[in-house]
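>>> just coords:
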């Protein structure tokens, strides 16, 4: 344990010393949200800022991290019905009523874990803040398009929240997921139907400190049906049809389960991961089958269409769109095709923060959009599948491939708790030079 602590301390020191360029890591993306009122408007979260499209993915412009008001983070984001972008930060909630001017919203200065819009109330949004040392989480709400926030209901004691979601206004349920800080550490789903004044808590099976429950989606036509994905490796998808009292495992992955989405009509569920590919099921029976070996990091399935985000060298794109419910994806964004900083007036806060840093960022991303063609390795991990049966046979979800070091800095295979520290250390040591070498290799 002392060795792990030393490794962690050293890695943290090196990471802190490296500067903010793409978080010191290979450029990556991890969340895509669509404007509920404008199908042309998409926002993509990356580890070097927010990428904005106003033509349904044809062109993308960058608002750098400093332009939003953070550094070395990948904050949870949401798009409100008037086009306002909000982001959960360690010091509050960033709000961009226009994408050229982000500022901290009033009423909250604590660490915020997650943000979400209220589906049937365009001007409303919810968030959850966390006092990690005290183990207390507090739901917040905004009635004014995210410009100001206040506590909503009673705090959740002995709980470090990680996600929240809301079914709607009135008596529709509000959900918060997180890790319990009681003597028995477990993942918890808290549910309230009175605006957070009273809470019912349910343990989420299969969780631990290394496998937290993340709310993946709420069923649009049934506020008691909730999908939760477990973080870490192996990944797992659970569903409850009674607000958290009872759970079923409906999908086991060999690797992490990164993305999940429901079709706008509620008939289909789609899940994806970096090792297991893309799996689809009818929500009527939740029997999943693999429909693709694309390695995807996130899924967004709304009125705007079915979009995915991915690592360029794994999937062959940063953003892809599917016209056949997830069986195939066509590229909509490559690394070198980010056009540059969002066009803003020179005196705007975003222009002041982002214009000067763009040349260095462009060097990392590349500039040859015309020849941005990558050949992904579309093979899937063996095993995985629907329900508990998937982990029963050989090669199932409980199989952990050997952790292998290769090329000096890279790791392949699944990573356990000890391997996670090694990954952190290697990432810290390899640094920017490795990232640029990878980019040169991809271009060649």
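Sure, I can see it. Being a predicted model, the structure only gives us computed values, none of them experimental.
>>> contacts and neighbour counts: CA atoms only from here.
Fine.
>>> do you know how far residue 170 is from residue 115?
Separation of residue 170 from residue 115 (C-alpha to C-alpha, to the nearest Å): 19 Å.
>>> Compare those two (neighbour count), which wins?
residue 115 (28 against 9; other C-alpha atoms under 10 Å).
>>> Please identify which helix or strand holds that one.
Using DSSP states H and E, residue 115 falls within strand 112-117.
>>> Direction included, what does that strand pair up with?
Sheet pairing for strand 112-117, assigned by DSSP bridges, gives strand 125-131 (antiparallel).
>>> What are the contacting residues of the partner strand?
With C-alpha atoms under 8 Å, 6 or more residues apart in numbering as the test, strand 125-131 has contacts from 80, 88, 110-118, 136-143, 145-146, 160-161, 163-166.
>>> what separates that strand from the chain centre, distance-wise?
16 Å (C-alpha atoms, centre = their mean, to the nearest Å).
>>> what's the next secondary structure element after that strand?
Immediately after strand 125-131, counting by DSSP H and E, sits strand 136-142.
>>> Would you give the sheet partners of the following helix or strand past that next one, along with the direction of each?
As assigned by DSSP H and E, the chain's next helix or strand after strand 136-142 is strand 150-151. Strand pairing for strand 150-151, determined by DSSP bridges: strand 136-142 (antiparallel).
>>> Residue 251 versus the nearest residue in space to residue 68 that is not next to it in sequence, what's the distance?
Excluding the flanking residues, the one nearest residue 68 by C-alpha to C-alpha, 6 or more residues apart in numbering is residue 102, at 5.4 Å. Distance check for residue 102 against residue 251: by C-alpha to C-alpha, it reads 39 Å.
>>> what's the answer for residue 280, then?
10 Å.
>>> any shared contact partners between these two?
residue 288.
>>> So what touches the helix or strand encompassing the residue nearest to residue 68?
Secondary structure assignment for residue 102, by DSSP H and E: strand 101-104. Around strand 101-104, the neighbours that count as contacts under C-alpha under 8 Å, 6+ apart are 67-69, 92-96, 348-350.
>>> Give the pairing partners of that strand; include direction for each.
strand 92-98 (antiparallel).
>>> The partner strand - what's its average pLDDT?
Averaging pLDDT along strand 92-98 gives 96.
>>> Please state the offset of that strand from the chain centre?
Mean-position distance between strand 92-98 and its chain equals 18 Å (C-alpha atoms, centre = their mean).
>>> buried stuff in it?
92-97 (16 or more other C-alpha atoms under 10 Å).
>>> how far away is residue 224 from residue 282?
From residue 224 to residue 282 the distance is 18 Å (C-alpha to C-alpha).
>>> ugh, typo on my part, it should be residue 70
In terms of C-alpha to C-alpha, residue 70 sits 39 Å off from residue 282.
>>> now do residue 39
Counting by C-alpha to C-alpha, the gap from residue 39 to residue 282 is 25 Å.
>>> Where does residue 260 sit: helix, strand or coil?
Three-state call for residue 260 (DSSP: H, G, I helix; E, B strand; the rest coil): strand.
>>> That one: how many residues sit nearby?
Neighbours of residue 260 (other C-alpha under 10 Å): 26.
>>> Same check on residue 90?
So residue 90, with other C-alpha under 10 Å, has 15 neighbours.
>>> before we move on, the earlier item: mind checking which of residue 102 and residue 251 has more residues around it?
residue 251 (28 against 24).
>>> That one bridge partners, please.
Residues in beta-bridge contact with residue 251 (DSSP bridges): residue 237.
>>> Make sure it is actually in contact with residue 290.
No: counting by C-alpha atoms under 8 Å, residue 251 sits too far from residue 290 to count as a contact (10.8 Å).
>>> okay, and the common contacts of the two?
Both residue 251 and residue 290 are in contact with residue 385, where contact means C-alpha under 8 Å, 6+ apart.
>>> Low-confidence regions, this structure specifically.
Within the chain, the stretches with pLDDT under 70 are 1-25, 183, 373, 377, 387-444.
>>> nearest to residue 55, of the contacts of strand 101-104?
residue 96 (18.9 Å; C-alpha to C-alpha).
>>> State the distance from the closest residue to that closest one other than its chain neighbours to residue 108.
Spatially, and ignoring its direct neighbours in sequence, residue 96 is nearest to residue 102 (4.3 Å; C-alpha to C-alpha, 6+ apart). Residue 102 sits at a distance of 15 Å from residue 108 (criterion: C-alpha to C-alpha).
>>> Residue 70 and residue 282: who's more crowded?
Set residue 70 next to residue 282 and count neighbours by other C-alpha under 10 Å: residue 70 wins out with 19 against 16.
>>> Just say helix, strand or coil for that one.
coil.
>>> and it, how far is that from residue 35?
22 Å.
>>> quick one, what contacts the residue lying closest to residue 90 once chain neighbours are set aside?
Distances taken as C-alpha to C-alpha, 6+ apart place residue 111 nearest to residue 90, at 3.9 Å, with adjacent residues excluded. By C-alpha under 8 Å, 6+ apart, the contact list for residue 111 reads 88-92, 129-131.
>>> Tell me the buried residues within these.
Buried among the contacts of residue 111 by 16+ other C-alpha under 10 Å: 88-89, 92, 129-131.
>>> I'd like the residues you listed as JSON lines, with distance to residue 56 appended.
Conversion of the buried ones among the contacts of residue 111 to JSON lines gives the following (distance: C-alpha to C-alpha, whole Å):
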{"residue": "88", "distance to residue 56": "24"}
{"residue": "89", "distance to residue 56": "27"}
{"residue": "92", "distance to residue 56": "29"}
{"residue": "129", "distance to residue 56": "32"}
{"residue": "130", "distance to residue 56": "35"}
{"residue": "131", "distance to residue 56": "38"}
